[in-house]
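> using only what follows, build the 3D model:
(one chain, ligands or ions: 2)
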Amino acid sequence: MHVSQQPDRFVFPFTELVGALHLHTTFSDGGVTYPQMILAAQDVGLDYVVVTDHMALSGRDAGFEGFAGSLFVCVGYEHNDDNNKNHYLVLGTESVIGYHAEAQGYIDRVREAGGVGFMAHPAEKRHYFEAYPAYPWTNWNVTGFDGIELWNQMSDWLENLRTRLHFTRLFYPRRFLREAPRELLSRWDEFGRTRFVAGMGGVDAHTMKIRIGIMRRTVFPIKVELKGIRTHLYLQNPLPPSDPKRSKSLLVEALKKGRSFISNFRRSDARGSLIYLEYGEGRVVCPGMPDEEVPAPAIIRVRLPREAELRFIKNGSCIDRRKGASADFDVRTKGSYRIEAWLGKHAWIYSNPFCVGGYPLW
Ligand SMILES: [Zn+2]
Ligand SMILES: [Zn+2]
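Ligands and ions are numbered 1, 2, ... in the order given. All right, here's what the predicted structure looks like:
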């Protein structure tokens, strides 16, 4: 679970937790039970999962929240409005918020209840598959949400699935995961100009069965689903195993503050990646909402387990690209800076932004 030390004896001051978010079980429309989900997550070596059944915290009520060995199981839920749009992933509330009329209402109530919320699959589109309609975010005038699910594994895959048989897509579903929707990244960058909005990646695991003619196939068996889009958290300390309540609040806080990056495991295992900013006399901060204002100049350092194309994004625009497993990028002025890593035509890593200077950042 600990990130390895660098050869120059630099000790990375954070613990990395690798997990999968936005999972559905048989408590709503998912295809697996909690025990099956937990077993699969342990099997593929995850440190945490966040399960979000539709409008239900049944997993918590049934006693599944907490540690299962070294895996932490966090239970939230997925909210939707009366038109089944504006899906919102809710974490950290004591109960399901019983309000559906419009998104701003439940965003506010989640916050009042001490919870944290992420817009789910906001840019979802379906070009070909009418049996599975899209559930995009439609109300973009809302305020006060904590974050955005930038990359949704199920949306990415379904978006380009044609009804004309695409057998390879059914048999090798993860091969087709490409990148987070660009228009969504632009919105996110724009939101980040005036306040911090956290990004995360979700699986939206349903272990669904798709029927094509006489064929019925489980696309994305649960273990396959958990080997795709992941969110890697950087925490100050490991979760305390003897205190599940505190562990949950630390995990939810790290998500809310965006102390994380998203990876696609199918392309390569990103565990052990170090993405951090250094300023002053060796102060090190991880991506996400800063606890203190970070001044320029600073250096953003990237150390990955393998070579990739590293993109350095400032205020929504790519200002530098380099090939390699490591790079140091100079930050000379205030702004919002983030890292993307690409393997050929496929996105591999998206970091949350580093915020340099005070808001508005540009
Ligand atoms: Zn949804
Ligand atoms: Zn969902």
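
> OK, contacts around the closest residue in space to Ser326 that isn't next to it in sequence?
Distances taken as C-beta to C-beta, 6 or more residues apart in numbering put Arg303 closest to Ser326, at 4.8 Å, once the chain neighbours are dropped. Quick note: C-beta positions are derived from backbone N, CA and C, even for glycine. Residues counted as contacts of Arg303 (C-beta atoms under 8 Å, 6 or more residues apart in numbering) are Gln6, Ser273, Leu274, Ile275, Ala325, Ser326.

> for Arg303, give me the pLDDT.
pLDDT, Arg303: 98.

> could you list the low-pLDDT ranges of the stretch 101-250 of the chain?
For the stretch 101-250 of the chain, applying pLDDT under 70 flags the ranges 127-131, 160-175, 208-219.

> of all of it, which residue lies closest to ligand 2?
Proximity of the stretch 101-250 of the chain to ligand 2 (C-beta to the ion) peaks at Asp204, 4.5 Å away.

> can you verify my assumption that that residue contacts Asn152?
Yes - between Asp204 and Asn152 there is a contact under C-beta atoms under 8 Å: 5.2 Å.

> okay, and the common contacts of the two?
His22, Ala120, His121.

> kindly indicate which of these lies nearest ligand 1.
Nearest member of the shared contacts of Asp204 and Asn152 to ligand 1, counting by C-beta to the ion, is Ala120, at 4.7 Å.

> pull the CA atoms of whatever helix or strand Phe191 lives in into PDB?
Phe191 belongs to helix 182-194 when elements are defined using DSSP states H and E. Written as PDB, here are the backbone C-alpha positions of helix 182-194 (Å, rounded to 0.1, in the frame of the first residue of the first chain):
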ATOM      1  CA  ARG A 182     -13.100  16.300 -23.700                       C
ATOM      2  CA  GLU A 183     -16.100  18.600 -23.400                       C
ATOM      3  CA  LEU A 184     -16.400  17.400 -19.800                       C
ATOM      4  CA  LEU A 185     -12.700  18.100 -19.000                       C
ATOM      5  CA  SER A 186     -13.200  21.600 -20.500                       C
ATOM      6  CA  ARG A 187     -16.100  22.200 -18.200                       C
ATOM      7  CA  TRP A 188     -14.200  20.900 -15.200                       C
ATOM      8  CA  ASP A 189     -11.200  23.100 -16.100                       C
ATOM      9  CA  GLU A 190     -13.500  26.100 -16.300                       C
ATOM     10  CA  PHE A 191     -15.200  25.400 -13.000                       C
ATOM     11  CA  GLY A 192     -11.700  25.100 -11.500                       C
ATOM     12  CA  ARG A 193     -11.000  28.800 -12.300                       C
ATOM     13  CA  THR A 194     -13.100  30.100  -9.500                       C
END
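
> for the stretch 51-200 of the chain, what spans make up the strands?
66-68, 71-79, 88-91, 116-119, 147-152, 198-202 (DSSP state E, counting those that start in this stretch).

> for the ones you listed, which one sits closest to ligand 1?
Ranking the strands of the stretch 51-200 of the chain by distance to ligand 1, with C-beta to the ion as the measure, places strand 71-79 first at 5.4 Å.

> roughly how far is that closest one from the heart of the chain?
With C-alpha atoms, centre = their mean, to the nearest Å as the basis, strand 71-79 stands 13 Å off its chain's centre.

> so which elements touch it?
strand 15-23, helix 34-43, strand 48-54, helix 58-61, strand 66-68, strand 88-91, helix 244-256 (3 or more C-beta pairs under 8 Å, 6 or more residues apart in numbering; DSSP states H and E).

> got the residues of this protein near ligand 2?
Glu78, Asp204 (C-beta under 5 Å from the ion).

> make it 8 Å
By C-beta under 8 Å from the ion, the residues of the chain that approach ligand 2 are 22, 24, 52, 54, 78, 87, 89, 120-121, 154, 202, 204, 206.

> mind putting the residues you listed into JSON lines with distance to Pro360?
Output for those, formatted as JSON lines (distance: C-beta to C-beta, whole Å):
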{"residue": "His22", "distance to Pro360": "30"}
{"residue": "His24", "distance to Pro360": "38"}
{"residue": "Thr52", "distance to Pro360": "32"}
{"residue": "His54", "distance to Pro360": "36"}
{"residue": "Glu78", "distance to Pro360": "32"}
{"residue": "His87", "distance to Pro360": "29"}
{"residue": "Leu89", "distance to Pro360": "27"}
{"residue": "Ala120", "distance to Pro360": "27"}
{"residue": "His121", "distance to Pro360": "28"}
{"residue": "Met154", "distance to Pro360": "34"}
{"residue": "Gly202", "distance to Pro360": "28"}
{"residue": "Asp204", "distance to Pro360": "33"}
{"residue": "His206", "distance to Pro360": "39"}
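
> out of those, who has the most neighbours?
Most neighbours among these, by other C-beta atoms under 10 Å: Thr52, with 31 neighbours.
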